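In: here is the input, now give the coordinates:
(4 chains)
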There are 2 protein chains.
Amino acid sequence: MPNLLLKDLPRYECLLEAAKEFPDLDPSACEAFLHLLRTGDESARVVEANLARHNITQGRFGVLMILVNRCAGDTSTLGPAELADAAGVSRATMTGLIDTLERDGLVTREPDTVDRRMMLVRLTAKGRSLLGEILPDHFKNMTLLMSPLSEFERQTLVQLLTKIQAQAIKFTAPVSAAAV
Amino acid sequence: MPNLLLKDLPRYECLLEAAKEFPDLDPSACEAFLHLLRTGDESARVVEANLARHNITQGRFGVLMILVNRCAGDTSTLGPAELADAAGVSRATMTGLIDTLERDGLVTREPDTVDRRMMLVRLTAKGRSLLGEILPDHFKNMTLLMSPLSEFERQTLVQLLTKIQAQAIKFTAPVSAAAV
DNA sequence: GGCGAATAGTTAGGTGGCTAACCATAAACA
DNA sequence: TGTTTATGGTTAGCCACCTAACTATTCGCC
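Out: Numbers count the residues shown, from 1 in each chain, chains lettered A, B, ... in the order given. Below is the predicted model of the structure:
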């Protein structure tokens, strides 16, 4: 009987045993699945620890990155809905993220004079500077995390993960069909 | 310049380009990392959708599963700290999870007469019954999600993920050293 | 021009994660 | 036996996610 996303991953032999009781349980699928979730979780924690040292979370960091990417010039802006779409979160959630980013002086928010429904979000110099501080270690950690894998293994991993992603998309309707 | 954990994963060529600006950025590591997080995220959503149909979340489901696993007989119990440890969350978080589970009649909670600091959590018949409803589809979805991969590919994936897990543990001190 | 539909951003309420602090109890030590 | 340390569960506050609902604005159609 497997535990899911728990501290101790069940061994394959335990899954074989559990499959006797649950005919729908495929031991190798279950094992791969649990390892995927666990490794993803642990990997996220690694980069989050680096971000936390700069008093920022993954979500807020993502918003800053989107602003840098989508705003070529210093004067460009994005609306909360665009940001939410790019970040893959709801507009309501994005309101909260922008709230705290604005509070910390990392972005500014002002009404759009052209479309009066819109707010315009802009990255501040402080926000840009913070990214400059964060990114070197961020990338180093990422590289270090993947260092046990050879170039070939990384490619293999990406290929396998891409297959799973393609399958996952089928579960969730055509909402994410615009990816890549 | 890469987006992180965003809706559109950057293509490898974009990462090569970005590496010119950021010397610490390793394109293949970054690509593998982003795919790992993205696939994990999407996979979690798949199983969560199934759980949501039964009005339960991943976290609460995990608690029920621990209770089933750790409590061989119907009369056995676990304390909140044990549950938190097994689930990999804090005791404070576990209090909230038990609160809602108790509210929904899926577990009971009573003081321990032997050790008066303790509460004892027990799975109810309703909780057990709910698991019985959930598990068939839960396992089926898991199997279906991994179906694009052959048995060999699944083994390969697990091996690669295990390497990353071992590396991730080094970042987070010996706290999780008891895994597997 | 007027009306209905669509869009934008925010609020309210809920859930689940965290840390720090708290009170109560048990265990360890002198 | 008394004191200190450790453990257990909960609370407060914060954050991030969601849905549903709301108000305001814009768009499309007649």
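In: what distance separates the worst-scoring helix or strand of chain A on mean pLDDT from the centre of its chain?
Out: Within chain A, no helix or strand scores below helix A:12-21, which has a mean of 76 by mean pLDDT, DSSP states H and E. Its chain's C-alpha centre and that of helix A:12-21 lie 32 Å apart, by C-alpha atoms, centre = their mean, to the nearest Å.
In: and that helix, what does it pack onto?
Out: The contact analysis (3 or more C-beta pairs under 8 Å, 6 or more residues apart in numbering or on different chains; DSSP states H and E) places helix A:12-21 against helix A:27-52. Where you see a C-beta, it was placed from the backbone N, CA and C, and this is true even at glycine.
In: may I see the buried residues of the helix it packs on?
Out: For helix A:27-52, burial by neighbour count (16 or more other C-beta atoms under 10 Å in any protein chain shown) applies to A:27-44, A:46-47, A:50-51.
In: repeat that for stretch A:94-106.
Out: Residues of stretch A:94-106 classed as buried under the neighbour-count rule (16+ other C-beta under 10 Å) are A:94, A:97, A:98, A:101, A:106.
In: run the chain-centre distance for stretch A:111-119.
Out: Mean-position distance between stretch A:111-119 and its chain equals 29 Å (C-alpha atoms, centre = their mean).
In: end-to-end on that stretch?
Out: Stretch A:111-119 has an end-to-end distance of 4 Å (C-alpha to C-alpha, to the nearest Å).
In: tell me the mean pLDDT for it?
Out: Across stretch A:111-119, the average pLDDT comes to 93.
In: just the buried residues of it, please?
Out: Under the neighbour-count criterion of 16+ other C-beta under 10 Å, stretch A:111-119 has A:118, A:119 buried.
In: which other residues reach it?
Out: The contact list for stretch A:111-119, computed with C-beta atoms under 8 Å, 6 or more residues apart in numbering or on different chains, reads A:79, A:80, A:109, A:110, A:120.
In: mind putting the residues you listed in a markdown table, distance to residue B:84, secondary structure and neighbour count included?
Out: Formatted as a markdown table, the contacts of stretch A:111-119 follow (distance: C-beta to C-beta, whole Å; DSSP: H, G, I helix; E, B strand; the rest coil; neighbours: other C-beta atoms under 10 Å in any protein chain shown):
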| residue | distance to residue B:84 | secondary structure | neighbour count |
| --- | --- | --- | --- |
| A:79 | 41 | coil | 18 |
| A:80 | 36 | helix | 20 |
| A:109 | 39 | strand | 16 |
| A:110 | 44 | strand | 11 |
| A:120 | 44 | strand | 17 |
